[in-house]
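Chemist: fold the following for me, if possible:
(chains A and B)
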Amino acid sequence: MPSLGADMDAGTVVEWLVKPGDAVHRGDVVAVVDTSKAAIEVECFADGTIQAILVPTGAEVPVGTVLATITTADAPAAAPEVPEPAPVASVPVASVPSARPEPVPAPAHPADHYVLSPLVRRLAHDLGVDADAVPGTGPGGRVTRTDVQAAARSATAPVPAVRLRVSPYARRLAAELGVDLARVTPRRSDGTILPIHAVDVRAAAAAAVPVPDARAARQAATRTAIAALMSRSKREVPHYYLSTTVDLGTGVTWLRERNRDLPVTKRLVPAALLLKATALAARKVPELNGFWVDDAFRPATSVHLGVAVAIHGGGLVAPAIHDADRLPLEDLMAALRDLVSRARGGRLRGSEMSDPTLTVTNLGDQGVEAVFGVIYPPQVALVGFGKVVDRPHAVGGLIGVRPVVTLTLSADHRATDGWTGARFLNTVERLLQHPEEL
Amino acid sequence: MTTMTTDQLRATVRQALHAIVPDADVDTLDPGADLRDELGLDSLDFLAFVERLGETTGVRIEEDDYDRLDTLDACVGFLGARVA
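Modeler: Numbers count the residues shown, from 1 in each chain, chains lettered A, B, ... in the order given. The predicted model follows:
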């Protein structure tokens, strides 16, 4: 059971995608594991043949438990438990939960009903199957991928029974109040069923006995996990904060011109420039790229840039773009789009969760100018980007209007001092003045 | 590219939005509501939306046009003038 985050104690295998006798290669997704926050696709780290599955689906086991054995060509019955995280990381930091002084509260597990894995839900959506109506054959009535595929095959014509029309606000309200939309009685007007609005949802909430809502349970569990991690970070990590305002005029102009000639699918957003500059700066100021473990800083050998992604409906994940410093800008952009899309669709991979060496949080789209975030232990820094805004700015002794962005650094004062942090931010700023070299 | 009617364009825009934000009920979306606010679209979502609209209507949308695509009605108007 891999450690898919510093806050993870245990996980549950939701689905096995291989069985004994299957050939596997390094990097193949072999199982889907449910943590309290999300369902993650777990990759295997060896080439070989699956020998035995030791942990069945539905069982919650601690991080470090051997899930399956793989026979490799050279060694008979090698039993690599899932990673020493990523061969590229210099230190297997993330899989040492005992280093933590306080136990993280156990993730809330819904007792009587399962939480439909986002992966399976997405598959159902893609196949046009109503996920909630599929009979589950997994443990505890879980709906598995195979169940969804069977349902899709057996469906004759796509017949929506009664198409539930719900306003976006009503849908959100229902999730917050724990109301099952299928049980809300819509109003009628002249025999026509009206779309469900917030008033209907509130009426149902007031009248009803609370109905188990899988999504609300998942959200509560996610919040608990985030709360534990952020509390731990603030308790243990002595944060210091730096901020600098960067003139992004050159970068924005360069982007605009470049985008005019690119197909829309390859269009770049300013965040790509900021991420690349941050990754390159992490190479030049390596004291901010690594982990604080056992009272010392362990520099990472690669730059795997974590990107904080807000999940629709609440929640936050910060999966890594691997080797972000080495990716050409257009590849970084494509990786960013793919990562964010998979983060929201619940299809992240184990290595993306366990590998970040430095994280970036971008709240520019939310319209705030600066964000001073909380470091994700055992990392030692968090970089923040705000919104790119037009501001009066001195250029060549004259006042002009330039697009500027506020970059911030939250850093672990055990690992670095302000001088190093300042050097890092200045490096990012300098790199952003030469976008063609990013 | 054949001319699309307003209704067809409206359906096209709704479908593009649905592809980007599957959880939202785009069918009951107020055509005058600000898309970014109502659906919580960030810059990557918006880019994917613009890309999808381009694929389905054949209209290339420039970055300078983004501000004009704030509501469903605005999108329909913008596209209607440009779909060949």
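
Chemist: which residues of the chain fall in helices?
Modeler: All of this is about chain A. A:118-127, A:145-154, A:168-177, A:198-207, A:214-236, A:249-261, A:270-284, A:329-345, A:350-354, A:418-432 (DSSP state H).

Chemist: not quite, go with chain B.
Modeler: B:6-20, B:35-39, B:43-57, B:72-82.

Chemist: nearest to chain A, of those?
Modeler: Among the helices of chain B, helix B:43-57 comes nearest to chain A, with 4.8 Å by CB to the nearest CB. C-beta here means a position set from N, CA and C on the backbone, and glycine is covered the same way.

Chemist: for that closest one, name the packing helices and strands.
Modeler: Under the contact criterion of 3 or more CB pairs under 8 Å, 6 or more residues apart in numbering or on different chains; DSSP states H and E, helix B:43-57 touches helix A:329-345, helix B:6-20, helix B:72-82.

Chemist: how far does the longest one sit from its chain's centre?
Modeler: Averaging C-alpha coordinates over helix A:329-345 and over its chain gives two centres that are 11 Å apart (CA atoms, centre = their mean, to the nearest Å).

Chemist: mind listing what's buried along it?
Modeler: A:329, A:332-337, A:339-340, A:342-345 (16 or more other CB atoms under 10 Å in any protein chain shown).

Chemist: ok, the residue nearest to residue A:410 when sequence neighbours are not counted - contacts?
Modeler: Of all residues not flanking residue A:410 in the chain, residue A:382 sits nearest, at 4.5 Å (CB to CB, 6 or more residues apart in numbering or on different chains). Shown in contact with residue A:382 (CB atoms under 8 Å, 6 or more residues apart in numbering or on different chains): A:358, A:359, A:360, A:361, A:373, A:374, A:375, A:376, A:409, A:410, A:411.

Chemist: most centrally placed residue in chain B?
Modeler: Taking CA atoms, centre = their mean, the centroid of chain B lies closest to residue B:13, which sits 4.0 Å from it.

Chemist: run through the residues of the stretch 1-150 of chain A sitting next to chain B.
Modeler: Contacts of the stretch 1-150 of chain A with chain B, taken as CB under 8 Å from any CB of the partner chain, map to residue A:125.

Chemist: may I have stretch A:371-380 as CSV, with CA atoms only?
Modeler: Provided in CSV are the C-alpha atoms of stretch A:371-380 (Å, rounded to 0.1, in the frame of the first residue of the first chain):
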residue,chain,number,x,y,z
VAL,A,371,-1.7,33.8,-1.7
PHE,A,372,0.4,32.8,1.3
GLY,A,373,-0.2,29.1,1.5
VAL,A,374,0.6,26.3,3.9
ILE,A,375,3.5,24.0,3.1
TYR,A,376,2.8,20.3,2.4
PRO,A,377,5.1,18.4,4.7
PRO,A,378,7.7,16.9,4.2
GLN,A,379,8.3,19.5,1.5
VAL,A,380,10.0,22.7,2.6
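
Chemist: do it and chain B come into contact?
Modeler: No: figure legend: stretch A:371-380 not in contact with chain B (CB under 8 Å from any CB); closest approach 14.1 Å.

Chemist: neighbours of residue B:28, just the number please.
Modeler: Residues near residue B:28, counting by other CB atoms under 10 Å in any protein chain shown, number 16.

Chemist: most tightly surrounded among the helices of chain A?
Modeler: helix A:350-354 (a mean of 26; mean count of other CB atoms under 10 Å in any protein chain shown).

Chemist: any low-confidence regions in chain B?
Modeler: B:1-3, B:84 (pLDDT under 70).

Chemist: with the stretch 1-150 of chain A instead?
Modeler: Checking the stretch 1-150 of chain A against pLDDT under 70 turns up A:73-119, A:138-141.
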